[in-house]
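Peer 1: sequence and predicted structure are below.
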Amino acid sequence: MKPFRPIDAVAVPLAQPNFDTDQIIPSRYLQKLRDNDFGIYLFRDLRFRKDGSENPDFVINKPAYRQGKVLVAERNFACGSSREHAVWALYDYGFQAVIAPSFGDIFFNNALKNGLLPIVLPYSTVVDLLAAVEALPGSHIRIDLKAQTVTAPDETETTHAFSIDPFSKHCLLNGIDELDYTLGYFDRIKEFERCHNKQADIRDCLS
Amino acid sequence: MERDDGKVLLYVDKHWVHDVTAAAFALLRQRNVAVHMPSRTFASPDHYIPTISRDMADIADPEKREMVEALRRDAASAGISLFGLDDPRQGIMHVLGPEQGLSLPGETVVCGDSHTSTHGAMGALAFGIGATEVAHVLATQTIWQHKPKTMRILVDGALGEGVTAKDVILAIIAKVGAAGANGHVIEYAGTTIESLTMEGRLTLCNMSIEAGARAGMIAPDETTFAYAKGRPHAPSGEAWERAVAQWRTLASDPGACFDQEVALDASEILPMVTWGTSPENALPITDRVPDPAQMPEPEKRAACERMLGHMGLVPGTRMTDIPIDRVFIGSCTNGRIEDLRNAASIVRGRKVADGVEAWVVPGSGLIKAQAEAEGIDQIFKSAGFQWRYAGCSMCLTTNGDMAAPGQRCVSTTNRNFVGRQGAGVRTHLASPLMAAAAAVTGRLTDVRTLIEKAEQT
């Protein structure tokens, strides 16, 4: 995982609530392995017409949004499936952060583990951001993970603070993953396991 | 163990892997890390397998066939038990777990599939995870988790005729919304829930994720114990007695506090059906297609218009006036024996309506065999249904089972997302009873009208 750097990039509005994982990447691409470029499958059925040509009406195909790296989405973004491919598709396309009032829980976890920053902001703030990036197509949102701030794209340059758990922040900023961290505790896991495997009351196995 | 961000390390009792798990195994190989505890991991291919046969050659797409092959290879090299395509027990993981006695009260169960919430019906804490987390579980048999918020959903009273667990969960999701339980684990409780069979409880917990909750659970009781007893992997003899004694201590304390409480009156729940492209768009079959013009909030109006456009529905149309093309009965939501019996009770003595293509795909090989032993397959087949082999099939079409663009499908599955059952397909979620009713009439139908007719004749 690459370390997460501050972002100053074009923001793309996607103002549909309950935008589900199947719209992010249809199930017919789930057999692809990670060494594929999943960016070409992102929003596949919305982004392309049946004949394979681009749908000019879909937001990321509009010239002003083509360089988008920040997605501003609606409530319950990426609800549905556990497919990590949804994160891979957004990330490979070039998105580095998604801002929404709420996320599907599984997607949220998957995003953090792949260097895609999911940012939860209050609904009214997200509505303002959506209005701003729609009013000024191609305008930039700035995200500073270290400072935990999002800066609005309009002339007000309002800065919004967001919260993130310190562990995920540390992993994202330093590009490290959780597995190495957990393997550092492997002896304790195995100790618990020896007790648990004897079908003892689990409470007696917690040291 | 607790981390400074408040996450605790949970030991995973049971881990399911399937034929979309190749990426997680690849991740382990890349890191040169072995599968730590293969005896707690179980494998069954379900997403990519054909339902017309048990023949690998019927997976036309080599990339998809490789997913099933990869699972076989990965399981064999790690020493993981596999319920393979040639195994009579093969089936959808979330059907197999409870069926094999592998999902038990008080256990933690995870799988790289969002419908892992199903196993919570056994009184287990069960939830779906992503590929990176699957690799983490394979390597360490553990997973980091925040203590979730809790939501209790109380359903009290008797269910009316023709109303099943599927209608209850659709009514719940319509009430709390598709994001209503985000960040929560749901406990379903109340007299209605207590009266449900295990099959009904599994249907209920299965769709917890459609309300946003990664997990849903039901306190284990006599129904749970009776279901688990004698299953291949359930404890037996003295160990069984000890286990049951411990399981009896698992229920929430009386007076326990929940972060959110929701209550429904079972007598008010009617047979349900969805009209839009989120499971929260469910309403009673007696209702009409909603009218966006009546919606005061512009955001909701726009969403409704977009959904009706996809669904090809006119506001104000009676739900029972909507003609259909396809019926799918099956999936981890409604592919169990009780579901098939329910559907067969409506189909018996009737025919699939002209122009309708109807399928039954049992949730596991054992359910298929049991249904055949009961003669249920004959009821479906003589009515004109296709009777197929177990798998996920048309729930998400990964194996190529799908409807044609523009077709309208009544489906006992869990998601009506755009494109879920094929590009341009319009999905209406419903119970097996309601799906069977639609199959024989050719339109969305209040199943109660058919039950009454059956009684009069």
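Peer 2: Ah, there it is.
Peer 1: I figured residue B:450 hits residue B:348, correct?
Peer 2: No. Using C-beta atoms under 8 Å, residue B:450 makes no contact with residue B:348, being 10.5 Å away. To be clear about C-beta, it is placed using only N, CA and C from the backbone, and glycine gets the same treatment.
Peer 1: from residue A:20, how far out is residue B:343?
Peer 2: Applying C-beta to C-beta, to the nearest Å, the value for residue B:343 to residue A:20 is 27 Å.
Peer 1: so where's the chain uncertain?
Peer 2: Since you didn't name a chain, this refers to chain A. Across chain A, residues meeting the criterion (pLDDT under 70) sit at A:200, A:207.
Peer 1: please refer instead to chain B.
Peer 2: In chain B the weaker segments, taking pLDDT under 70 as the threshold, are B:452-457.
Peer 1: list the residues that contact residue A:126.
Peer 2: Residues near residue A:126 by C-beta atoms under 8 Å, 6 or more residues apart in numbering or on different chains: A:72-74, A:99-101.
Peer 1: rewinding a little: residue B:343 and residue A:20 - which one has more neighbours?
Peer 2: Using other C-beta atoms under 10 Å in any protein chain shown as the criterion, residue B:343 and residue A:20 rank with residue B:343 on top: 30 against 26.
Peer 1: that one is in what secondary structure piece?
Peer 2: helix B:337-347 (DSSP states H and E).
Peer 1: dump the helix or strand that that helix is followed by to PDB, restricted to CA.
Peer 2: Once helix B:337-347 ends, the next helix or strand along the chain (criterion: DSSP H and E) is strand B:357-361. Extracted as PDB, the C-alpha positions of strand B:357-361 are listed here (Å, rounded to 0.1, in the frame of the first residue of the first chain):
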ATOM      1  CA  GLU B 357     -39.900 -18.900 -17.300                       C
ATOM      2  CA  ALA B 358     -39.700 -20.200 -13.800                       C
ATOM      3  CA  TRP B 359     -36.700 -21.800 -12.000                       C
ATOM      4  CA  VAL B 360     -36.100 -23.500  -8.700                       C
ATOM      5  CA  VAL B 361     -32.500 -23.700  -7.500                       C
END
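Peer 1: buried sites along the helix or strand just after strand B:357-361?
Peer 2: Proceeding N to C from strand B:357-361, the next assigned helix or strand is helix B:365-373, under DSSP H and E. Within helix B:365-373, the residues that qualify as buried are B:365-368, B:370-371, counting by 16 or more other C-beta atoms under 10 Å in any protein chain shown.
Peer 1: kindly report the same for stretch B:85-93.
Peer 2: B:85, B:89-93.
Peer 1: between those, which is nearest residue B:361?
Peer 2: residue B:92 (9.3 Å; C-beta to C-beta).
Peer 1: what sits against residue A:84?
Peer 2: Here residue A:84 is in contact with A:110, A:113-114, B:23, B:130-132 (C-beta under 8 Å, 6+ apart).
Peer 1: measure it to residue B:23 for me?
Peer 2: 7 Å.
Peer 1: circling back to that earlier point, biggest separation within the contacts of residue A:84, which pair?
Peer 2: Once C-beta to C-beta is applied, these give A:113 and B:23 as the farthest pair, at 12.5 Å.
Peer 1: neighbour count winner among the two?
Peer 2: Of the pair residue A:113 and residue B:23, residue B:23 is the one with more neighbours under other C-beta under 10 Å, namely 25 against 22.
Peer 1: and that one, what is it in contact with?
Peer 2: A:33-34, A:84, B:131.
Peer 1: so residue B:170, which of the three states?
Peer 2: helix (DSSP: H, G, I helix; E, B strand; the rest coil).
Peer 1: next: residue B:398.
Peer 2: coil.
Peer 1: what about the residue nearest to it when sequence neighbours are not counted, which SS state?
Peer 2: Nearest residue to residue B:398 in three dimensions, chain neighbours excluded: residue B:47, at 4.5 Å (C-beta to C-beta, 6 or more residues apart in numbering or on different chains). Here residue B:47 takes the coil state, with states given by three-state DSSP.
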